[in-house]
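[1] I would like to see how this sequence folds:
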Amino acid sequence: MSTKTQNVKNFINQIGKENQLFLFVGSSDTDSESNSPKTQIDLWKESDFSIKVGKDNIVGVVPNVKWARKRTYTPWSANRLNQGNYYAYNDTNGYVYLCISDNRENRIDLQGKNVSNNLPSHISGDVTYDDGYTWKALFKITPSMEKFVNEQWIPVVSFDNYEPIDMDSPFTQIQNYCYPSSTKDGGKCALYFKDNVTYFDGNGASVFGVKGNLYKTFDSLLCHECYTTFNENETFISRFYGSGTPPASIDIKDPYDTIGEMISRNEIPTSSPYYYLYTANAQSPDEGHVVSVKINLQDYTAEDLQIDTENPELEVLSNSGSGARIRLKTYKTQLGTIHVNGIEVLSKGSGYKDIQLELNSADIIGTTTKDQLLSLIEINLDEIDGLGFDPMKVLNAEHAMVDVRIDKPTLNNSNLSIPSSINFYTLVQNPRYNSDYIAGTNENKYTSTLYRTTAKVSVYTPVTNPSPDKTARITKSDGTVLRDLKVGKVTGSSVYSPTAAAQLELKGLEYSQFNNLSNSTITIDGTSFTIKAVENVPQFNQYSGKVLSSKKTTSLDISDVETAIIRINMVKGM
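    Here you go, the predicted model:
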């Protein structure tokens with residue numbers, strides 16, 4: 001698995017736990033470009049609101065290779081880097097298929113010369129179609145994932161990213177973990193191996209840890225310390241036993257087994273992509289099978305490839321797997337001579353981690369030796385855990401997509417500033433909230449929440465109401481002049497008098513300057529207003545967190561249609 005694919009998996013798994021993601025959305029008059037240092041500063045002064053990105057709004061993606069008639073596809077290989085059209089998306093039934101072969105003879109020298117004319121449409125296993133293509137059904141893009149499909153990208157899933165839906169906040173999860181023990185109680189915190197692993201002990205000796213076995217016990221950790229220290233650890237699972245004795249081992253189920261049990265109990269909906277990932281994988285050949293065999297006859301003539309036996313079966317040797325049967329494909333001339341023109345798998349077997357083929361030398365009549373003929377054969381073994389177990393690895397996912405949608409009524413009811421247009425959005429990881437903790441950690445990871453990034457002030461209105469979308473100047477009571485302030489939404493009084501108040505949304509200042517603007521004078525288009533009170537200020541610690549991506553785009557008008565849905569879609573490479 002590539003490092004980038006693992007990074008995508010880790011990035012998705014950490015959303016709402018180690019990492020909180022926020023989209024800052026707004027409108028800026030600056031001429032800064034996407035992902036420039038200037039856009040990273042603008043987001044904190046020019047954004048109109050922010051949205052916490054829920055876990056359901058992010059997924060790994062791969063290029064959208066949509067199946068098309070008369071297009072060539074390249075068979076998947078276990079022996080080299082797979083690129084380009086080696087898989088295809090059927091946008092009719094939602095399945096993504098891996099190309100196993102593009103010709104019935106399974107000839108490497110014929111690859112790319114045969115177009116696909118039959119749309120793959122089966123829902124499990126490997127099927128060879130009339131056009132000679134063999135496809136493996138990998139997974140299904142269910143309706144819940146279709147929002148991540150566009151002309152450039154499609155979503156991809158993996159059992160490694162499955163986790164039971166937990167609607168509690170991280171704080172509540174700690175309480176549930178420690179129940180019935182109080183989070184204040186100290187006791188035994190036990191660590192168990194998540195999987196089989198080899199590690200080095202204190203003396204430098206190599207030790208094998210068995211999945212589910214007890215590794216170590218800490219005798220005096222508080223329950224919440226046991227949870228927060230080892231939660232989401234890649235190697236261990238923690239259990240808190242208080243004053244009790246930790247068992248020597250616990251049962252740890254893989255996501256694949258967990259989902260299988262849930263399906264048998266009707267506890268997982270058919271709308272879940274993991275339902276179809278499981279069924280496609282469960283009905284595929286066993287792990288470690290021979291996916292395909294290919295032979296390259298490019299530099300050989302019919303005379304070179306003459307043998308005396310039709311379709312001879314090769315001997316399959318292995319120190320690991322069993323059950324595979326492979327044979328050469330031959331044709332017979334009118335003169336009765338027999339020649340090799342391909343290869344095929346009769347039985348896929350299982351458990352193979354190594355494999356070698358043998359052929360009786362007496363079968364060969366042509367100029368090619370046995371060793372030469374065997375060297376022309378390429379064997380593609382199944383991935384560890386199975387090709388269908390981890391499509392993200394098989395399809396080399398190196399990008400994650402964030403797709404957030406919010407409707408205008410929700411914005412209008414949020415009591416936040418609603419700009420007339422937007423032209424930038426920025427993805428920020430782990431901004432801080434009021435300097436005390438990372439924003440969003442007290443919310444469920446699936447929740448998408450609106451956050452304030454502007455200041456709301458009330459002003460005394462003279463003979464005219466202030467106008468929105470204007471540059472303003474504030475003169476504080478001490479005479480300090482604050483420039484480059486922008487006025488957003490204007491609400492409130494339509495009665496123009498020194499005692500009636502209108503409310504303004506302000507942006508463009510440092511957040512710290514918003515806190516003490518009472519009794520300051522704000523000047524808009526030559527008209528001065530007195531700030532009666534600061535009603536609300538931004539909820540973030542300004543310039544905190546890590547900017548992952550910033551997009552500056554053409555201006556999108558959102559002022560006219562009250563029922564409009566604002567959709568923000570961005571793709572981040574790993």
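[2] quick one: neighbours of residue 60, just the number.
    Other residues within reach of residue 60, judged by other Cβ atoms under 10 Å, total 25. C-beta: built from backbone N, CA, C; applies to glycine.
[3] list the pairing partners of the host helix or strand of it within its sheet, with orientation.
    If you go by DSSP states H and E, residue 60 is part of strand 58-63. Applying DSSP bridges, strand 58-63 is found paired with strand 153-156 (antiparallel), strand 399-407 (antiparallel).
[4] and the ones you listed: which comes nearest residue 329?
    With Cβ to Cβ, the closest approach to residue 329 among the strands paired with strand 58-63 belongs to strand 153-156: 34.2 Å.
[5] name the helices or strands packed onto the strand or helix carrying residue 277?
    Here residue 277 sits within helix 273-282, counting by DSSP H and E. If contacts are counted by 3 or more Cβ pairs under 8 Å, 6 or more residues apart in numbering; DSSP states H and E, helix 273-282 sits against strand 134-140, helix 255-264.
[6] between the helix or strand just after that helix and strand 134-140, how big is the angle?
    For helix 273-282, the following helix or strand on the C-terminal side (DSSP H and E) is strand 290-295. Between strand 290-295 and strand 134-140, the angle comes out at 150 degrees (axes from the mean of the first three to the mean of the last three Cα atoms, to 10 degrees).
[7] after strand 290-295, next one along is what?
    strand 306-307.
[8] let me know the average pLDDT across that following strand.
    Here strand 306-307 scores 90 as its mean pLDDT.
[9] do stretch 369-386 as well
    On average, the pLDDT along stretch 369-386 is 88.
[10] how far is it from where the chain is centred?
    Relative to its parent chain, stretch 369-386 has a centroid offset of 33 Å by Cα atoms, centre = their mean, to the nearest Å.
[11] then stretch 261-280?
    Using Cα atoms, centre = their mean, the offset of stretch 261-280 from its chain centre is 19 Å.
[12] neighbours of residue 274, how many?
    Residue 274: 22 neighbours (other Cβ under 10 Å).
[13] residues touching it, list them.
    Residue 274 sits next to 157, 159, 162, 255, 259, 268 when contact means Cβ atoms under 8 Å, 6 or more residues apart in numbering.
[14] the residue of the chain most remote from its centre: what secondary structure?
    Computed with Cα atoms, centre = their mean, the maximum C-alpha offset from the centroid of the chain is found at residue 335, amounting to 59.3 Å. In three-state terms, and counting by DSSP: H, G, I helix; E, B strand; the rest coil, residue 335 is coil.
[15] which residues touch the spatially closest residue to residue 140 that is not a sequence neighbour?
    Sequence neighbours aside, residue 276 is the residue nearest to residue 140 in space, at 3.7 Å (criterion: Cβ to Cβ, 6 or more residues apart in numbering). Contact analysis of residue 276 by Cβ under 8 Å, 6+ apart lists 95, 123, 139, 140, 142, 270.
[16] got a pLDDT number for residue 276?
    Predicted confidence (pLDDT) for residue 276: 85.
[17] go through stretch 402-412 and flag the buried ones.
    Within stretch 402-412, the residues that count as buried by 16 or more other Cβ atoms under 10 Å are 402, 403, 404, 406, 408, 411.
[18] same check on stretch 30-49?
    So for stretch 30-49, counting by 16+ other Cβ under 10 Å, buried means 32, 39, 40, 42, 43, 44, 45, 46, 47, 48, 49.
[19] again, but for stretch 69-81
    Result for stretch 69-81 [16+ other Cβ under 10 Å]: buried residues 73, 75, 76.
[20] all the strands of the stretch 451-574 of the chain, residue numbers only.
    Ranges of strands in the stretch 451-574 of the chain, per DSSP state E, counting those that start in this stretch, are 455-460, 470-475, 481-492, 501-507, 521-524, 527-536, 546-557, 565-573.
[21] and those strands, which one averages the lowest pLDDT?
    strand 481-492 (a mean of 60).
[22] for the stretch 101-250 of the chain, what spans make up the strands?
    126-128, 134-140, 153-156, 186-193, 197-200, 206-209, 214-222, 236-242.
[23] find the centremost residue of this protein, please.
    residue 60 (2.6 Å).
[24] shouldn't it be in contact with residue 160?
    No. Taking contacts as Cβ atoms under 8 Å, residue 60 lies outside contact range of residue 160: 10.1 Å.
[25] who touches both of those two?
    With Cβ under 8 Å, 6+ apart as the test, residue 60 and residue 160 both reach 9, 392.
[26] excluding its backbone neighbours, what's nearest residue 353?
    residue 320 (4.3 Å).
[27] what helix or strand is the one you found on?
    Residue 320 belongs to no helix or strand, assigned by DSSP H and E.
[28] per-residue pLDDT, it?
    91.
[29] and if you look at residue 558?
    pLDDT, read off for residue 558, is 67.
[30] with residue 344 instead?
    Residue 344 is given a pLDDT of 95.
[31] picking up where we left off before, tell me the two of the buried residues of stretch 402-412 that are most distant?
    402 and 408 (20.3 Å).
[32] all helices for the stretch 351-500 of the chain, in order.
    Ranges of helices within the stretch 351-500 of the chain are 370-375, 391-394, 408-412, based on DSSP state H, counting those that start in this stretch.
[33] for residue 116, find the nearest of the ones you listed.
    helix 391-394 (19.0 Å).
[34] mind checking how far residue 302 is from residue 313?
    If you measure residue 302 against residue 313 using Cβ to Cβ, to the nearest Å, the figure is 21 Å.
[35] hang on, the earlier thing: surely the residue nearest to residue 353 is in contact with residue 289?
    No. Between residue 320 and residue 289 there is no contact under Cβ under 8 Å: 11.8 Å.
[36] those two: who's more crowded?
    residue 289 (22 against 12).
[37] which SS class is the nearest residue to that one once chain neighbours are set aside?
    Nearest residue to residue 289, sequence neighbours excluded (Cβ to Cβ, 6+ apart): residue 348, at 3.9 Å. Of the three states, residue 348 takes strand under three-state DSSP.
[38] so the helix or strand residue 44 falls within versus strand 501-507, what angle?
    If you go by DSSP H and E, residue 44 is part of helix 37-46. Interaxial angle, helix 37-46 versus strand 501-507 (the same axes, to 10 degrees): 160 degrees.
[39] residues contacting helix 37-46, please?
    24, 26-28, 30, 32-33, 424, 426, 428, 453, 486, 507-511, 540, 542-543, 547, 550, 552.
[40] average pLDDT for it?
    Rounded mean pLDDT across helix 37-46 is 84.
[41] give me the phi and psi for residue 526.
    Per-residue torsions, residue 526: phi 80, psi -10 (degrees, to the nearest 10).
[42] ok, it to residue 270 distance?
    From residue 526 to residue 270 the distance is 64 Å (Cβ to Cβ).
[43] appreciated, that's everything.
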